[in-house]
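1. What follows is a predicted structure for the sequence shown.
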Amino acid sequence: MELPLDYTTLRLIWWGLLGVLLIGFALTDGFDMGVGALLPFVAKTDEERRMVINTVGATWEGNQVWFIVGGAAIFAAWPFVYAVSFSGFYLAMFLVLSALILRPVSFKYRSKRPDKRWRSMWDWGLFIGSFVPALVFGVAVGNVMLGAPFRLDSDLRSFYEGTLLGLFSPFTLICGLLSVCMLVLHGAAWLSIKGEQGPVLHRARAIGTVAGLLSLVLFAVGGLFIAFGDIGFRITGALDTAGFSNPLRTTVEAAPGAWMDNYGLYPWMIIAPVLGFLGAAAGLIGMWRRSPALAFGGSSASAVGIISTVGLSMFPFILPSSINPQSSLTVWNASSSHTTLFIMLIVVVVFMPIVLLYTAWVYKVLWGRTSTAALKTNPDLY
Amino acid sequence: MIDLAVVDLSRLQFALTALYHFLFVPLTLGLSFMLVIMESIYVMTRRPIWRTITRFWGVLFGINFVLGVATGLTMEFQFGMNWSYYSHYVGDIFGAPLAIEGLMAFFLEATFVGLMFFGWDKLPRVGHLFVTFMVALGTNLSALWILVANGWMQNPVGAAFNPDTMRMEVVDFMAVIFNPVAQAKFVHTVSAGYVCAAVVVLGISAFYLLKGQHVGFAKRSMTVAAAFGLLSSLSVVVLGDESGYALTDNQKMKLAALEAMWRTEPAPAGLTAFGIPSMEDRHTHFEVKIPYVLGLISTRSIDKPVIGILELVAVAEDRIERGVIAVDALEKVKADHTDMAARAQFETVRNDLGYGLLLKRYVADPRQATPEQIKQAAWDTVPNVPLMFWVFRIMAGIGFLMIGLFATAFVLCTLRKHETRWFLRLAVLAIPLPWIAIESGWLLAEVGRQPWAVEGVLPTFLGASSLTVPQLWTTIIGFTVLYGALAVIEVGLILRAVKKGPFNQHDIVDEPQAEGEPAVA
């Protein structure tokens, strides 16, 4: 069957969709995580904590699906990436999953019993379930940029030669902290929209402002590492963008500084890092000037910019290998078949608008600030 | 060579997390639709008691739902974590239904579930019913896509091996979606979930009636459970997934194994009601047979024979020999991907490649295999017969018990004899049964699939990631401790909610007029 879109175009689209799903996750579940990470520090009394939890209580579940769909879409469209990265970052994934498992139960079970220790236990569960994934995701992205220590044999079976502690280096920690700060800023901005005016929002504003400042600094330092550090890979041999998905047929070498190449080749790509900086700055000003719209718009723009920067800098690489560059996974050699990419694109084109539509409707129904007064009268709240 | 300790631990890990996940999912599947039924009655009658009923079962639904979600997270990622070569080898096909599940079903269910709990005062009655229905729809669609994925592992239609990418790729996606094994599994599995929910509602209502508490509430709930449970238990047994057992060699093997039928029987075959199967003797001791029944069920005919294990092993041996030729041709293509002669040869035996790979358990290069190793590998295609034999009987036995339970409940409810005490005691005792049947069914389906991860395509032992034993123990122990603690907490919260009763979950005081009123609205 002749498909109406060629393989190269479909691979490019799916690379873009990978970005869209990650950004969707960061924008929606990102503020849930930010709020969860802020919880023990901005809310002191039980009433304050319940107010904070209920700003995301009804919608976090749908938001988390972005993460799950992201994982499944990588499986369907980039099976090599799914297979190599999750088995390679095995213990890190275990850490993330264990933390994430705590989140649904913490939301639901926390207010089922009145005693203080019970509630405090679940509050920390929420904190861990938000802070740990935010940190580890950032560290993981840092490692992806550095290249992961894996190699493929002739059966395309992957072998990983790293350790859990090996994932933590100065550069990857900067990425991890940037991810935390970006999401904390986003969470604080969400609270400024959805939370009740008062001491909680004052504390969130203080922490959010610091997180915004740190985002700017960490993003800049990360950029310096990329520009001047020993980071980057380059495809050297002939390139068949519509060829078979077999990584061993591409030749790749480590090339320090190569993550800056694209900004020379395609100057428009500079929009992404600029957006990352301007967004964080706008978020910061929004927090400071008490403008919830500017704060949330800014933190959203900064997340879009920062994530896009990673993707565009590395293009066409998705997961380079640090010990055997030949095994590196790129947009052109790690995708599903032409047919699968096409079918899955149709599925996305049909269902994504429907998802966005009903998600918007649900947010509209639940619109308005969460008040502590409602906690006393509405028995459904967490 | 493959480290078999890693393979065994990876299997243990997957079995634990999947069995655990499946403790919560069936109740979610069924209870979501029961909430729709209860809330529909509320919308139609506008009697507040039905709102109380919906909300109370909704509380239990919520406590259970979050653990389904929490454990589902692990499921979504552990294919890549623990079964990395599997993920590469079949991701082109297997990943698609999982991604569609997320987009079409899980988004729906998860986005609306918050509104279902928080939206009672924000939506008109019909609007809220719509939300509840969307949750039920999402939950059940979710099961559909997961079973399309699982059905493909049992009957891998619509795909072919591509020697250039060293993996299976889609050739006919419609065949993957409309896979008959997947369709049968879907109906069977969701029906089992409905039975599970009906048993829980019935059992807890019976508990209230025995104690003389919340009588009006409990009688109404019991009536819904009786009708819903009777239909579902009939569906789960009548529409069992036996319809797929004639389709492939492995499915035939599964049927022979669960019947412990070593030799082909002349048509129509008899059903073994009792026996002690032995793997060593390749014989079932003390067999008690019911004539004709198996042939009728599994082939839907009186003249087709049901094939026995020994004959199927002989078939496997032939396929392994052709598989060695496939492996040889593939090695030549790998060495030189322009070797057209090797490609042509591969085409003739590509369907047996998986059988050739079975030999990798014994020898790194299947082309070096001895005739003994080929025989051994052929016998590997027989799953654990005694286990299959018994879990099938446990599952099917409970299935029939459920029909009896709900038929009795239905008659009693129709006769308005809700408070028949011996039955109420039985109903409370029956609460664990659906879980035993469901987990047995999972074991039957997945142990019966062994030695394959994907039937005839990829042996399980090749699918595992290149991990180490300590890594696997870390996650097995970690997940077990975490899951164990959460299970204890969950049961505690459900018992607490049951104890508080339907009228104290929310501080809203519902009108007490419903209490003591025998009529069922």
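-> Structure received.
2. Contacts only, for B:Ser191.
-> Each residue near B:Ser191 by CB atoms under 8 Å, 6 or more residues apart in numbering or on different chains is listed here: B:232-233, B:235-236, B:239. Quick note: C-beta positions are derived from backbone N, CA and C, even for glycine.
3. When you filter those residues down to buried only, what's left?
-> Among the contacts of B:Ser191, the ones that count as buried by 16 or more other CB atoms under 10 Å in any protein chain shown are B:232-233, B:235-236.
4. Which members of the residues you listed are the farthest-apart pair?
-> B:Ser233 and B:Ser235 (7.3 Å; CB to CB).
5. Is chain A within reach of stretch B:153-173?
-> Yes: against chain A, stretch B:153-173 shows contacts by CB under 8 Å from any CB of the partner chain at B:162, B:164-167, B:169-171, B:173.
6. one step back: looking at the contacts of B:Ser191, spot the one nearest B:Thr284.
-> For the contacts of B:Ser191, the nearest to B:Thr284 is B:Val236 (26.8 Å; CB to CB).
7. And the residue of chain B that's closest to chain A?
-> B:Gly91 (2.6 Å; CB to the nearest CB).
8. Would you mind finding the longest helix in chain A?
-> In chain A, taking DSSP state H as the definition, the longest helix is helix A:7-42.
9. residues of it that come out buried?
-> So for helix A:7-42, counting by 16+ other CB under 10 Å, buried means A:7, A:10-15, A:17-40, A:42.
10. still on that earlier bit, so of the contacts of B:Ser191, which ones are in helices?
-> B:232-233, B:235-236.
11. Chain neighbours aside, what residue packs nearest to B:Ile37?
-> Spatial nearest neighbour of B:Ile37, excluding adjacent residues (CB to CB, 6 or more residues apart in numbering or on different chains): B:Val224 at 5.9 Å.
12. Counting by contacts, list what the one helix or strand B:Gly30 maps to packs against.
-> Element membership for B:Gly30 (DSSP states H and E) is helix B:4-45. Contacts defined by 3 or more CB pairs under 8 Å, 6 or more residues apart in numbering or on different chains; DSSP states H and E place helix B:4-45 against helix B:48-82, helix B:125-154, helix B:180-211, helix B:215-238, helix B:433-447, helix B:460-463, helix B:469-500.
13. Now that we have those helices, can you turn them into CSV and tack on distance to B:Asp336 and mean pLDDT?
-> Output for those, formatted as CSV (distance: least, CB to CB, whole Å; pLDDT from 0 to 100):
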stretch, distance to B:Asp336, mean pLDDT
helix B:48-82, 31, 93
helix B:125-154, 32, 96
helix B:180-211, 38, 94
helix B:215-238, 54, 94
helix B:433-447, 39, 95
helix B:460-463, 24, 95
helix B:469-500, 37, 94
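14. what would these look like in TSV with distance to A:Ser158?
-> Output for the helices and strands packed on helix B:4-45, formatted as TSV (distance: least, CB to CB, whole Å):
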stretch	distance to A:Ser158
helix B:48-82	10
helix B:125-154	21
helix B:180-211	29
helix B:215-238	41
helix B:433-447	25
helix B:460-463	13
helix B:469-500	15
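15. which parts of the stretch 101-250 of chain B sit against chain A?
-> Counting by CB under 8 Å from any CB, the stretch 101-250 of chain B sits next to chain A at B:101-104, B:106-108, B:110-115, B:117-123, B:134, B:162, B:164-167, B:169-171, B:173.
16. Can you say which of those are buried?
-> Counted by 16+ other CB under 10 Å, those give B:101-104, B:106-108, B:110-115, B:117-120, B:122-123, B:134, B:162, B:165-167, B:169-171, B:173 as buried.
17. The closest residue to B:Trp83 other than its chain neighbours: neighbouring residues, count only.
-> With sequence-adjacent residues excluded and distances taken as CB to CB, 6+ apart, B:Trp83 is closest to B:Gly463, at 4.9 Å. Residues lying near B:Gly463 (other CB atoms under 10 Å in any protein chain shown) number 25.
18. Now find how far off-centre the helix holding B:Gly30 is within its chain.
-> 9 Å (CA atoms, centre = their mean, to the nearest Å).
19. and what of stretch A:239-247?
-> Relative to where its chain is centred, stretch A:239-247 has its mean C-alpha point 28 Å off (CA atoms, centre = their mean).
20. how close does the residue nearest the centre of chain B sit to A:Leu3?
-> Centroid-nearest residue in chain B: B:Trp442, 4.8 Å away (criterion: CA atoms, centre = their mean). Distance, B:Trp442 to A:Leu3, by CB to CB, to the nearest Å: 38 Å.
21. for A:Leu278, same thing?
-> From A:Leu278 to A:Leu3 the distance is 39 Å (CB to CB).
22. Likewise for A:Val331?
-> Computed as CB to CB, the A:Val331 to A:Leu3 distance reads 18 Å.
23. Please verify my assumption that A:Val355 contacts B:Leu103.
-> Yes: the pair A:Val355 and B:Leu103 qualifies as a contact (CB atoms under 8 Å) at a distance of 6.7 Å.
24. which residues are in contact with both of the two?
-> In contact with both A:Val355 and B:Leu103: no residue, using CB under 8 Å, 6+ apart.
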